[in-house]
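[1] Fold the following for me, if possible:
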Amino acid sequence: SDSSSDEAPAKPPAKNGGDSAPAQPKERDNSRGAEKTLFVAGLSFDTTTEEIQAHFEEFGTIQRVSLVKWEDGTSKGVAFVEFEAADEAVKGLAKHESELGGRWIRVQLAGEGKGGKGKGDK
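    Modelled structure (predicted):
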């Protein structure tokens with residue numbers, strides 16, 4: 001009886017059911033560097049990374065601005081601003097409820113108020 005099908009030597013390594021859009025694993029590294037990264041919300045959908053950078057650069061050296069986008073490339077109106085140092089990010093909190101692109105934006109440290117949000121991001 002050779003019904004034992006051992007042609008499949010190992011399970012396929014990528015078993016995460018939803019790799020339709022593995023486009024941006026960028027915000028994943030919030031955990032390391034969260035203390036020097038600001039989460040900015042309430043942005044106009046046409047605000048650019050350059051405008052965001054200009055809005056925050058008075059506080060220190062910005063390593064990266066990541067606009068969070070939908071699969072189709074349109075902005076979700078939120079971004080992460082990563083500074084070189086944690087104290088610079090803390091200073092950047094001064095821009096909470098400031099105006100950018102005609103919108104009042106919300107600014108908080110990344111990793112604050114985002115409890116348990118990591119598994120189900122689409």
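[2] Distance of the closest residue to Ala34 other than its chain neighbours relative to Arg103?
    With sequence-adjacent residues excluded and distances taken as CB to CB, 6 or more residues apart in numbering, Ala34 is closest to Gly111, at 3.3 Å. Bear in mind the C-beta positions are built from the backbone N, C-alpha and C, glycine included. Noted for Gly111: a distance of 23 Å to Arg103, by CB to CB, to the nearest Å.
[3] show me where this structure has helices.
    For the chain, helices defined by DSSP state H occupy the ranges 49-56, 86-92.
[4] Just the buried positions in the longest one, please.
    Right, the one you point to is helix 49-56. Buried positions in helix 49-56, judged by neighbour count with 16 or more other CB atoms under 10 Å: 52, 55-56.
[5] still on that earlier bit, could you dump the helices of the chain into JSON lines and include mean pLDDT and distance to Ser75?
    What follows is the helices of the chain, written out as JSON lines (pLDDT from 0 to 100; distance: least, CB to CB, whole Å):
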{"stretch": "helix 49-56", "mean pLDDT": "98", "distance to Ser75": "10"}
{"stretch": "helix 86-92", "mean pLDDT": "97", "distance to Ser75": "20"}
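[6] looking at these, which is closest to Val78?
    helix 49-56 (10.5 Å; CB to CB).
[7] So which elements touch the closest one?
    With contacts taken as 3 or more CB pairs under 8 Å, 6 or more residues apart in numbering; DSSP states H and E, helix 49-56 sits against strand 62-69, strand 75-83, strand 99-100.
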